[in-house]
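S.K.: Any chance you can model this:
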Amino acid sequence: MTPSMLLFDGDHYSAGQWYLICLVILVAIQSIPRLWRSLRHLLCRQRKTVDDGQQATTHNPILVFFHRLTYFHLPFYPYYPTRLIIFLVLYILISVLFATGSITLEKDVGYPRYGYMALANLCAATIFALRNSPAYYLLALPFERTIEFHKWFGIGAMVFAWVHGGLYLRQWEAQDVTALMFNMRSRLAFGAAVAALVAFVVLAAQRPIRRRMWELFWAIHIFGFLAIFVLVNFHTTKGFEFTLPPLLLWGLDRVIRFTRGWLRPAVAETSDCNGQVTRLVVHQNPLWGRAYQAGQYVFLNVPRAGMIEWHPASIVSGAPLKNDLEGADGAFPPTQNQYTLVLRNVGSFTRRLTQVGASQEKLKVRIDGPYGKWDLVAKNYNLIVLVAGGIGATPILSVLLTVLRKSSKTGFNRKVEFIWAVQTENQIMWFADELAQASALGARIRIFVTQTSETTSSTAMVTHTEDGVKMFAGCEILYFRPHIEDVCQDIKNNFPGIETAVGVCGPPGMVRSTRDAVRKCSDVRSLWHLHAEAFDL
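M.R.: Next comes the predicted model:
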């Protein structure tokens, strides 16, 4: 039987299997841009340095067009980029194609297919929600990328579960046998429970609840997911084929996370900065000798602040380098046994963490990770532009310090620019040490203060140069909201024809503006490449 036949005949179970395979392939396609970038840099090893006067290689206009097209985004929230727009369009087309094959509304021909399609979405949603997903090891797609697919597959599961049950109810109501069917078939009650529970889990996972009641969201998601998989197998005899593989992978993921988080002792020293952020210096031996990398994050558990609560926290320390002895600025370099986390003091967890840290010098903590993978390899670029908003500077500073220290150690003249937007001057103190280190290593750092006027600025923090420029630890202070496109265009004009990597972490509006800037700065003389992370729990 050919795949095309499975779409349109009555073999709904096989159609569900093929549908699941198509969903997996659809996610696998998302790794193509990264593979293309790696192949391109492998084939084009000769790079122009910042100081040479030669003209950069001219790019094919067609290549430039498609490159710029990849940085298009929706003009409204949530500002989905091209890759996600393509994913959603293909996902909807594939779903419609499978859903409309050989469906009649008067006979029990097409209704089971919707149930199998709901199971396929549940299977895919579970696999791509794992922190240690096969997508990471096979496709180099990190957790923060696959979680986007998890969200949409969860919505798809809800839609098809309700369509599956709704069409049956429509038919039974027309025949006035609804009560009779539920009395005769006990498994129908389990199906109704699955549909209701899937909808409840999806609705409880919406952004307002995630941001304001993380613990409630987490509990509903985990226990709801397990209950759904149990109820599915009471509803249908063919549920195991769709639920057993993801459950096994979920169990393996839990074993890995247990090994990382519970079997490795870790101690953290906490400090509070203006009551706005909490810094934790974590002492922990790396698992299997695997050190953290620049821009990664971990999941943090503090037993005294909550036994079962795990919260994401970015690593601000620069990644350790091989054969490191002493940093170029005289400071002892970061090690794989020690790193610093910075958390914004919002929500009940960080409030309890601050209280516990104030009463105890050293805390016992559990760490799951590190996770995350930056799409751009810094060594492939001569010009690096990093953009951050507020606490989004945490992973950006990790990348910044790592790039600067590698360049200093190898002697390669790599230009690095850092643009950071904060609301008030006090927020600059969150990363005072890291800013001073980065400035000493040669980075040009501009800090934009958006809610403090220049006339009311704190003279204790800011110094003045002879030409009137306000500085802090070698960083230029500006008192207005940055226009990212203008800033990037100014950098491009100063360093024309340079292949450029851009990293951004901040609110969705900042990510959108940076994406626009990267698209407009890319031309036949040089291409700009972007790695973006937005605040969205």
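
S.K.: Under a three-state scheme, what state does Asp375 occupy?
M.R.: Following DSSP: H, G, I helix; E, B strand; the rest coil, Asp375 is assigned to coil.

S.K.: Does it touch Arg34 like I think?
M.R.: Yes. Asp375 lies in contact with Arg34 (CB atoms under 8 Å); the separation is 5.6 Å. (C-beta placed from N, C-alpha, C; glycine too.)

S.K.: ranges for the helices of the stretch 201-350 of the chain?
M.R.: When secondary structure is read from DSSP state H, counting those that start in this stretch, the stretch 201-350 of the chain shows helices at 207-212, 214-235, 240-262, 347-359.

S.K.: how about the nearest residue to Arg113, chain neighbours excluded?
M.R.: Setting aside the residues directly before and after it, Arg113 is nearest to His12 in space (CB to CB, 6 or more residues apart in numbering), at 3.8 Å.

S.K.: Let me see the contact set for that neighbour.
M.R.: 110, 112-113, 115-116 (CB atoms under 8 Å, 6 or more residues apart in numbering).

S.K.: ditto for Pro61
M.R.: For Pro61, the set of contacting residues under the criterion of CB under 8 Å, 6+ apart consists of Val524.

S.K.: and if you look at the one 4 residues further on?
M.R.: Shown here is Phe65, which makes no contacts under the criterion CB under 8 Å, 6+ apart.

S.K.: which element is it on?
M.R.: Using DSSP states H and E, Phe65 falls within helix 61-69.

S.K.: what is the rounded mean pLDDT of stretch 356-374?
M.R.: Averaging the model's pLDDT scores along stretch 356-374 yields 80.

S.K.: and that stretch, how far apart are its ends?
M.R.: Stretch 356-374 has its terminal residues 33 Å apart, counting by CA to CA, to the nearest Å.

S.K.: Next: stretch 176-194.
M.R.: Taking CA to CA as the criterion, the two ends of stretch 176-194 lie 23 Å apart.

S.K.: buried stuff in stretch 487-504?
M.R.: Neighbour-count burial for stretch 487-504 flags 487-488, 491-492, 495, 497-504 (criterion: 16 or more other CB atoms under 10 Å).

S.K.: For the residue nearest to Arg113, give its distance to Arg83.
M.R.: In this structure, His12 lies at 31 Å from Arg83, with CB to CB, to the nearest Å as the measure.

S.K.: Equivalent analysis for Met158, please.
M.R.: Taking CB to CB as the criterion, Met158 is separated from Arg83 by 24 Å.

S.K.: same question, Leu216
M.R.: Distance from Leu216 to Arg83, by CB to CB: 31 Å.

S.K.: for the stretch 351-500 of the chain, which spans come out with low pLDDT?
M.R.: Across the stretch 351-500 of the chain, the ranges flagged by pLDDT under 70 are 411, 453-469.

S.K.: where exactly do the strands run in it?
M.R.: 362-371, 383-389, 415-422, 444-449, 463-464, 470-472, 475-478, 500-506 (DSSP state E, counting those that start in this stretch).

S.K.: what's the angle between the third one and strand 444-449?
M.R.: If I follow you right, that is strand 415-422. 10 degrees (axes from the mean of the first three to the mean of the last three CA atoms, to 10 degrees).

S.K.: by contact count, what packs against strand 415-422?
M.R.: For strand 415-422, the helices and strands in contact under the criterion 3 or more CB pairs under 8 Å, 6 or more residues apart in numbering; DSSP states H and E are strand 383-389, helix 393-410, strand 444-449, helix 484-494.

S.K.: And for the last one?
M.R.: Contacts of strand 500-506 with other secondary structure elements, assessed using 3+ CB pairs under 8 Å, 6+ apart, are made with strand 383-389, helix 393-410, helix 484-494, helix 508-521, strand 528-534.

S.K.: pLDDT on the last one, on average?
M.R.: Across strand 528-534, pLDDT averages out at 86.

S.K.: Now it - C-alpha only, CSV.
M.R.: Listed in CSV are the C-alpha atoms of strand 528-534, where the atom choice follows Å, rounded to 0.1, in the frame of the first residue of the first chain:
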residue,chain,number,x,y,z
TRP,A,528,24.5,39.4,8.6
HIS,A,529,23.4,36.3,10.5
LEU,A,530,21.2,36.2,13.6
HIS,A,531,20.7,34.1,16.7
ALA,A,532,17.6,35.4,18.6
GLU,A,533,16.2,34.5,22.0
ALA,A,534,13.1,36.3,23.4
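
S.K.: outside of that strand, which residues touch it?
M.R.: 37, 71, 81, 144, 374-376, 381, 392, 395, 488, 492, 499-508, 511, 514-515, 517-518, 521-522.

S.K.: Write a ChimeraX command that selects only the buried members of these.
M.R.: Restricted to buried positions by 16+ other CB under 10 Å, the ChimeraX selection for these reads:
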select :37,71,81,144,374,375,376,381,392,395,488,492,499,500,501,502,503,504,505,506,508,511,514,515,517,518,521,522
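
S.K.: what residue is smack in the middle of the chain?
M.R.: Among the residues of the chain, the one closest to the centroid is Glu144, at 2.8 Å (CA atoms, centre = their mean).

S.K.: How about the contacts made by the closest residue to that residue other than its chain neighbours?
M.R.: Nearest residue to Glu144 in three dimensions, chain neighbours excluded: Gly372, at 6.3 Å (CB to CB, 6+ apart). With contacts defined as CB under 8 Å, 6+ apart, Gly372 is in contact with 142-144, 293, 295-297, 395.

S.K.: Got the phi and psi for Gly372?
M.R.: Dihedral pair for Gly372: phi 100, psi 150, per degrees, to the nearest 10.

S.K.: Looking at the helices and strands packed on strand 415-422, which is nearest to Phe190?
M.R.: Using CB to CB as the measure, helix 393-410 is the one of those that comes nearest Phe190, at 43.8 Å.

S.K.: With neighbour numbers in mind, choose between Leu216 and Arg83.
M.R.: Higher neighbour count among Leu216 and Arg83: Arg83, with 18 against 12, using other CB atoms under 10 Å.

S.K.: Nearest residue to the more buried one in space, please, no chain neighbours.
M.R.: The shortest distance from Arg83 to any residue other than its chain neighbours is 6.2 Å, reached at Gln30 (CB to CB, 6+ apart).

S.K.: which one in the contacts of His12 is the model shakiest on?
M.R.: When it comes to pLDDT, Gly110 is the least confident member of those, at 59.

S.K.: Tabulate the contacts of His12 in CSV, adding columns for distance to Phe98 and secondary structure.
M.R.: Formatted as CSV, the contacts of His12 follow (distance: CB to CB, whole Å; DSSP: H, G, I helix; E, B strand; the rest coil):
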residue, distance to Phe98, secondary structure
Gly110, 11, coil
Pro112, 13, helix
Arg113, 7, helix
Gly115, 12, helix
Tyr116, 9, helix
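
S.K.: could you dump those to CSV with neighbour count?
M.R.: What follows is the contacts of His12, written out as CSV (neighbours: other CB atoms under 10 Å):
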residue, neighbour count
Gly110, 20
Pro112, 18
Arg113, 26
Gly115, 26
Tyr116, 25
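
S.K.: just these now: which is nearest Phe182?
M.R.: Relative to Phe182, the closest of the contacts of His12 is Gly115; by CB to CB it sits at 16.4 Å.

S.K.: Could you check how far that closest one is from Phe65?
M.R.: Taking CB to CB as the measure, Gly115 and Phe65 are separated by 44 Å.
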